[in-house]
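[1] predicted model and sequence follow; I will ask about them next.
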Amino acid sequence: MFFIFLNQNKSFKFYKKNKSVADRSMAIGSIAEMVDGLEAGVTPFTSDLLNYFLAALSDEDDEVKSNAAFGIGCLV
């Protein structure tokens, strides 16, 4: 079920370099918050989510990086 949600989640569309900082931060932050809430329910998707958060760690904005770091921490 979570996989279907991830594939249809509009938040992923907002994490693109041409989007505003607010959009990128919201995208990473909202996914991280879902991971935090779902806890072990995201285990099958850890690899995909980790790649998503790792990519965001290279963003030029500190808020986006902070949200990505939070997301990675939720996966551990």
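    Yep, that arrived. Numbering: from 1, shown residues only.

[2] C-terminal to the lowest-mean-pLDDT helix or strand in the chain, what's the next element?
    Least confident helix or strand of the chain, by mean pLDDT, DSSP states H and E, is helix 2-8 with a mean of 54. Downstream of helix 2-8, the next assigned helix or strand under DSSP states H and E is helix 21-38.

[3] tell me who's in contact with residue 25.
    Counting by Cβ atoms under 8 Å, 6 or more residues apart in numbering, residue 25 makes contact with 61, 63-64, 67. C-beta: built from backbone N, CA, C; applies to glycine.

[4] of the residues you listed, which is the most crowded?
    Using other Cβ atoms under 10 Å as the neighbour criterion, residue 67 leads the contacts of residue 25 with 26 neighbours.

[5] so that residue sits right up against residue 28, yeah?
    Yes. At 4.1 Å, residue 67 counts as touching residue 28 under the criterion of Cβ atoms under 8 Å.

[6] and of the contacts of residue 25, the nearest to residue 39?
    residue 67 (18.0 Å; Cβ to Cβ).

[7] so which helix or strand takes in that closest one?
    helix 62-75.

[8] for that helix, which positions count as buried?
    Using 16 or more other Cβ atoms under 10 Å as the test for burial, helix 62-75 gives 64-68, 70-72, 74-75.

[9] what residues are up against residue 16?
    Counting by Cβ under 8 Å, 6+ apart, residue 16 makes contact with residue 24.

[10] how close does it get to residue 44?
    Distance of residue 16 to residue 44, computed by Cβ to Cβ, to the nearest Å: 25 Å.

[11] before we move on, the earlier item: common neighbours of residue 67 and residue 28, please.
    The contact sets of residue 67 and residue 28 overlap at residue 56 (Cβ under 8 Å, 6+ apart).
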